[in-house]
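# task: produce atomic coordinates for the following.
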Amino acid sequence: PYNCAGCYKSKKTKDMNLDVFRKVINEAVTINVKSIMFNGGEPMVVENLKEMINYVNHRIPITIFTSGYNIDEKWIDFFMVHNVRLYISINGSTDQVNSLSRDGYSIAMTAMKLLRKSKYPYYINWVARNDNIYDFPNLIELAKYMKVTGVNIVANKLDGNGSIQSPLTKTDYNFLINTIRNEKDCVISIQRCFGTLIQEMGRGMTTFLDGCQAGISACAVMLDGSYQPCTHLNYPEAYDDIFSYWSRSPILEFLRRFKTPSLTHCEKCSKNKFCSFCRAMSANSHNNLKNGYEECPLYEKQLE
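Below you'll find the predicted structure:
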C-alpha cells in the first residue's frame, strides 16, 4: 500500500494463487523444510493470508516481515495461536529518518504499541544505510521502550531500479560496529547475507551457514510458482517442484561453487576468506554472478 523509496518489488503483482501455495507447502513438508517466510511487498494485504497460515497448520514454523499494516488485536491473537515469528520493518526512530527509505512510520508505531501491550514477542527489521546509520542508537532506545525482542540488521540491497540507495561508507561500518559492541541491553542480530558486516565484526565465516544463504540453506518461491535463489536475486527458473529446483538448478550450483575468494575483484581482497556477501548489494555482482563486490568500502588489497 506504500511507495517506499528503497523497495525492490514491482507494484504490478498479485497474490499467490492458493493452489500454488498449497502445492508449495505440501512439497516443503515432504522434504522437511525447517521454516517458511512470508515476504512482501506487504503480506498483510494478501486476501487469503489467514487461510494460508491455517493451511500450514504448525507443520512448518512461519516468519512474517511486515510494515505493521492492518495489524490489530485480532491479528495478534491469530498470530499467537499459530506461533508466528513477526518482524516489523522500520528504518528510523522518527518519521523524518524512516521516510528517507520507507513509508508508513505511524502505521508501524501503532502496530508496535499494540504488540507491546499484548506482550507478544516481535522483532524489528532495520536496513543499514548511510542516511539512517547515526540514528541507530536512537532506534535501539525505541526498541527497548517498545519491548522489542530483538533488532535484526539487514543489508542494503538493490532497489526497484537496480541501484543502491545511500550506500554505507567505511566510517559508517565502524560506527555501526561500535554501537553493536557497546550495546548491552538490546539483542542485536545481523542478517546472514550481510557478510561484509559479519566479517568486519570479527566473526567471519566459520560454517556454511555464515554469509549469503541463497542456494545453501534457502531459496524463494515466487508468486507464479517459479523459483529464485532468493527474492533479491532475479534469476527465475521453472521446475516441477522444490526438490527438483534445489538439486538440478545450474544457478544454485554456481552459487554453491563460486564463493567470495574466487570472484573477480574480491579475489584480491585480504578479507575474502571471511566474507560471503549478498550479490544483491551491488548491480555488478547481481548482473554477473562471477563479479565480486566492486563498491565494497571495506576492500583491502592483499600484499603481494
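# quick one, helices of the stretch 101-250 of the chain?
Assigned helices in the stretch 101-250 of the chain, in chain order: 105-118, 136-145, 170-182, 195-200, 242-248, 250-257 (criterion: DSSP state H, counting those that start in this stretch).
# give me the helices and strands touching the longest one, please.
This points to helix 105-118. If you count contacts as 3 or more C-beta pairs under 8 Å, 6 or more residues apart in numbering; DSSP states H and E, helix 105-118 packs onto helix 73-82, strand 85-89, helix 95-98. C-beta here means a position set from N, CA and C on the backbone, and glycine is covered the same way.
# list the buried residues of the last one.
When neighbours are counted by 16 or more other C-beta atoms under 10 Å, the buried residues of helix 95-98 are found to be 97-98.
# elements contacting it?
Against helix 95-98 (3+ C-beta pairs under 8 Å, 6+ apart) you get helix 105-118.
# and the helices of the stretch 101-250 of the chain, which is most packed in?
helix 195-200 (a mean of 23; mean count of other C-beta atoms under 10 Å).
# ok now that one, how far from the chain's centre?
15 Å (C-alpha atoms, centre = their mean, to the nearest Å).
# what residues does that helix touch?
Residues outside helix 195-200 that contact it (C-beta atoms under 8 Å, 6 or more residues apart in numbering): 128, 153, 155, 173, 176-177, 190, 192, 204-205, 210-212, 260, 271, 274-278, 281, 293, 296, 298.
# if you set the cut-off to 6 Å instead, what comes out?
With C-beta atoms under 6 Å, 6 or more residues apart in numbering as the test, helix 195-200 has contacts from 173, 190, 211, 271, 274-277, 298.
# thinking again about what came up before, highest average neighbour count across the helices and strands packed on helix 105-118?
The most buried one of these (mean count of other C-beta under 10 Å) is strand 85-89, showing a mean of 21.
# dump it to CSV, restricted to CA.
Backbone C-alpha positions of strand 85-89 (Å, rounded to 0.1, in the frame of the first residue of the first chain) are rendered in CSV as follows:
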residue,chain,number,x,y,z
ARG,A,85,7.5,-15.0,14.3
LEU,A,86,6.8,-11.4,13.5
TYR,A,87,9.2,-8.7,12.2
ILE,A,88,8.2,-5.1,11.9
SER,A,89,10.2,-3.3,9.2
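# just to revisit the earlier point, can you tell me which of the contacts of helix 195-200 are in strands?
residue 190 (DSSP state E).
# out of the contacts of helix 195-200, the closest to residue 20 would be?
residue 211 (30.2 Å; C-beta to C-beta).
# ok, now how distant is that closest one from residue 196?
According to C-beta to C-beta, to the nearest Å, residue 211 and residue 196 sit 10 Å apart.
# with residue 107 instead?
From residue 107 to residue 196 the distance is 31 Å (C-beta to C-beta).
# cool, and residue 103?
For residue 103 relative to residue 196 (C-beta to C-beta), the value is 27 Å.
# same check, this time on residue 267
Taking C-beta to C-beta, one finds residue 267 at 16 Å from residue 196.
# same thing with residue 164?
Taking C-beta to C-beta, one finds residue 164 at 13 Å from residue 196.
# OK, contacts around the nearest residue in space to residue 75 that is not next to it in sequence?
Leaving aside its chain neighbours, residue 75 sits nearest to residue 44 (7.7 Å; criterion: C-beta to C-beta, 6 or more residues apart in numbering). Applying C-beta under 6 Å, 6+ apart, we find residue 44 in contact with 66, 69-70.
# the nearest residue to residue 111 once chain neighbours are set aside: neighbour count?
Nearest residue to residue 111, sequence neighbours excluded (C-beta to C-beta, 6+ apart): residue 68, at 3.0 Å. Neighbourhood size, residue 68 [other C-beta atoms under 10 Å]: 24.
# verify the contact between residue 68 and residue 107 for me.
Yes. Under the criterion of C-beta atoms under 6 Å, residue 68 makes contact with residue 107 at 5.1 Å.
# so which of the helices and strands packed on helix 105-118 is nearest residue 135?
helix 95-98 (4.7 Å).
# dump the closest one to CSV, restricted to CA.
Provided in CSV are the C-alpha atoms of helix 95-98 (Å, rounded to 0.1, in the frame of the first residue of the first chain):
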residue,chain,number,x,y,z
ASP,A,95,9.2,9.6,10.8
GLN,A,96,11.8,12.0,9.3
VAL,A,97,14.6,9.4,9.3
ASN,A,98,12.3,6.5,8.4
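# report the mean confidence score over stretch 93-110.
What stretch 93-110 shows for mean pLDDT is 98.
# got it, and stretch 77-89?
Averaging pLDDT along stretch 77-89 gives 98.
# and for stretch 215-223?
The pLDDT scores in stretch 215-223 average 95.
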